[in-house]
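# pasting the sequence and the predicted model now:
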Amino acid sequence: MADAPVHPLQQTLKDLERAYANFFAKRAAFPRFKKKGRSDRFRYPEPKQIKLDQGNSRVFLPKLGWLRYRNSREALGAVRNVTVSANGGKWFMSIQTERAVQDPAHPASSIVGVDMGVANFAALSTGEIIAPVDARKRHAQRLARYQRAMSRKQKFSRNWIKAKARVQKLHTRIGNIRRDHLHKLSTTLSQNHAGIVIEDLQVRNMSRSASGTVEQPGRNTRAKAGLNRSILDQEWFEFRRQLEYKQAWRGGIVVAVNPRNTSRTCPACGHVAKESRTTQSRFECVACGHTAHADVNAASNILAAGHAVMACGRGCQPLHAPRCVLEQPR
Ligand SMILES: [Zn+2]
């Protein structure tokens with residue numbers, strides 16, 4: 001115990017206390033025991049003990065002394081705490097700071113609807129279609145090879161540990177490619193649009209749309225099975241999280257709408273029929289003959305639902321409205 005600095009130890013107990021409080025308030029599952037090598041991290045909560053020397057890219061942390069680091073961005077404001085974490089054989093430091101910022105007003109005034117899918121990562125109501133990033137597919141072969149090599153090793157032997165590190169490193173790389181893709185997209189959307197309307201999807205709905213229904217089986221169901229599905233769900237929640245905080249930074253808003261019928265409503269005449277979606281990518285209204293790309297069509301419907309939510313104003317508040325630039329006058 002004496003080897004570890006005292007504040008991170010106390011912080012760990014505080015985190016445990018919060019985990020139990022969340023559990024008893026039914027906000028979270030029962031806290032799990034932490035295993036070595038699994039989300040290894042600790043936090044220095046005492047700003048007085050931390051010295052950040054950004055000019056020389058070094059930081060002083062208690063008991064560790066002066067450490068050099070590679071800068072990803074400038075830390076603005078007063079340091080509040082520092083979290084050190086290990087991931088994929090590398091150490092990362094995340095600095096929380098405090099500073100006063102002006103109330104942001106979003107430079108754009110447009111609003112966009114986003115339909116998230118499986119065949120395409122997303123479609124925008126502007127007609128733009130964003131292809132999925134197949135990070136896993138690209139690395140599938142190598143990943144399988146590394147995993148095979150690991151399975152042939154004696155468990156917990158030196159060579160097994162080395163093989164495991166290789167597998168984990170590749171997993172980290174795949175995750176990084178995904179995250180990079182998400183961040184680029186959420187940043188672009190947040191920069192260009194003051195309002196972003198998304199579907200308020202549940203995990204289960206998302207999975208179902210991948211496999212389709214009995215009458216209308218989804219395509220590529222095999223590819224969506226198992227691990228891929230859980231990753232898709234995670235990706236979706238991560239994307240929403242990014243959009244929400246980025247819009248909060250810029251003074252924009254994110255509106256989540258009920259996804260019901262968004263993919264089977266005709267934007268021209270309002271007719272609702274699931275037969276209107278003839279194929280995965282094609283929408284042709286059975287009532288009026290209006291045609292469009294199915295995902296773009298869904299995105300336009302999501303946008304329309306977002307407009308309705310913002311106009312009605314009660315019972316369906318936007319998720320984040322630090323300063324709602326799009327709010328309708330009462
Ligand atoms: Zn129609």
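Cool, the structure landed. Quick caveat, the model's predicted, so the values are computed rather than measured.

# can you give me the helices for the stretch 1-150 of the chain?
With DSSP state H, counting those that start in this stretch as the criterion, the stretch 1-150 of the chain has helices at 6-24, 135-151.

# list the buried residues of the longest one.
When burial is assessed from 16 or more other Cβ atoms under 10 Å, helix 6-24 yields the following buried residues: 7-8, 11. The way it works is simple: take the backbone N, C-alpha and C, and place the C-beta from them, glycine included.

# hmm, back to that, now the helices of the stretch 1-150 of the chain in TSV, with distance to the ion?
Output for the helices of the stretch 1-150 of the chain, formatted as TSV (distance: least, Cβ to the ion, whole Å):
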stretch	distance to the ion
helix 6-24	47
helix 135-151	37
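
# and of the ones you listed, who's closest to residue 164?
Put simply, out of the helices of the stretch 1-150 of the chain the one that sits nearest residue 164 is helix 135-151, at 5.7 Å, with distance taken as Cβ to Cβ.

# list the buried residues of the next helix-or-strand element following that closest one.
Beyond helix 135-151 on the C-terminal side, the first helix or strand identified by DSSP states H and E is helix 158-192. Residues of helix 158-192 classed as buried under the neighbour-count rule (16+ other Cβ under 10 Å) are 160, 163-164, 166-168, 170, 174-175, 177-178, 181-182, 185-186, 189-190, 192.

# could you list every helix and strand in contact with helix 158-192?
With contacts defined as 3 or more Cβ pairs under 8 Å, 6 or more residues apart in numbering; DSSP states H and E, the packing partners of helix 158-192 are strand 111-116, helix 135-151, helix 227-250.

# show the average pLDDT along the second one.
So that's helix 135-151. Taken as a whole, helix 135-151 has a mean pLDDT of 90.

# quick one: residue 154 and residue 162 touch, right?
No. Between residue 154 and residue 162 there is no contact under Cβ atoms under 8 Å: 11.9 Å.

# about what we covered before: export the helices and strands packed on helix 158-192 to TSV and tack on mean neighbour count?
Conversion of these to TSV gives the following (neighbours: other Cβ atoms under 10 Å):
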stretch	mean neighbour count
strand 111-116	24
helix 135-151	14
helix 227-250	17
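
# export these to a markdown table and tack on distance to residue 31?
Listed next are the helices and strands packed on helix 158-192 as a markdown table, based on distance: least, Cβ to Cβ, whole Å:
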| stretch | distance to residue 31 |
| --- | --- |
| strand 111-116 | 31 |
| helix 135-151 | 30 |
| helix 227-250 | 20 |
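
# low-confidence regions, the stretch 101-250 of the chain specifically.
In the predicted model of the stretch 101-250 of the chain, residues 202-231 satisfy pLDDT under 70.

# residue of it nearest the ion, please.
residue 125 (17.0 Å; Cβ to the ion).

# distance between the ends of stretch 20-28?
Criterion Cα to Cα, to the nearest Å; first-to-last residue distance in stretch 20-28 is 9 Å.

# same list (the helices of the stretch 1-150 of the chain) but as TSV, adding distance to residue 120.
Rendered in TSV, the data for the helices of the stretch 1-150 of the chain read as follows (distance: least, Cβ to Cβ, whole Å):
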stretch	distance to residue 120
helix 6-24	36
helix 135-151	15
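
# correct me, but residue 97 touches residue 75?
Yes. Under the criterion of Cβ under 8 Å, residue 97 makes contact with residue 75 at 5.5 Å.

# these two: which is more packed in?
The neighbour count for residue 97 versus residue 75, taken as other Cβ atoms under 10 Å, is higher for residue 75 (18 against 14).

# what's the burial count for the residue lying closest to residue 110 once chain neighbours are set aside?
Taking Cβ to Cβ, 6 or more residues apart in numbering, and ignoring the residues beside it in sequence, residue 110 has residue 193 as its nearest neighbour in space, at 5.1 Å. Residue neighbour count, defined by other Cβ under 10 Å, stands at 25 for residue 193.

# same deal with the one 5 residues further on?
Taking other Cβ under 10 Å as the criterion, the count of residues near residue 198 is 26.

# which one is it nearest to, not counting chain neighbours?
Closest residue to residue 198 apart from its sequence neighbours, by Cβ to Cβ, 6+ apart: residue 114 at 5.1 Å.

# tell me the bridge partners for the one you found.
Taking DSSP bridges, one finds residue 124 as the beta-bridge partners of residue 114.

# within range of the ion, give me the residues from the protein.
Contact residues of the chain with respect to the ion, defined by Cβ under 5 Å from the ion, are listed as 266, 268-269, 271, 285, 287-288, 290.

# what subset of these is buried?
Among those, the ones that count as buried by 16+ other Cβ under 10 Å are 266, 285, 290.

# spit out the contact partners of the first one.
To tie it back to what came earlier, the one meant is residue 266. By Cβ atoms under 8 Å, 6 or more residues apart in numbering, the contact list for residue 266 reads 272, 276, 283, 285, 287-288, 290.
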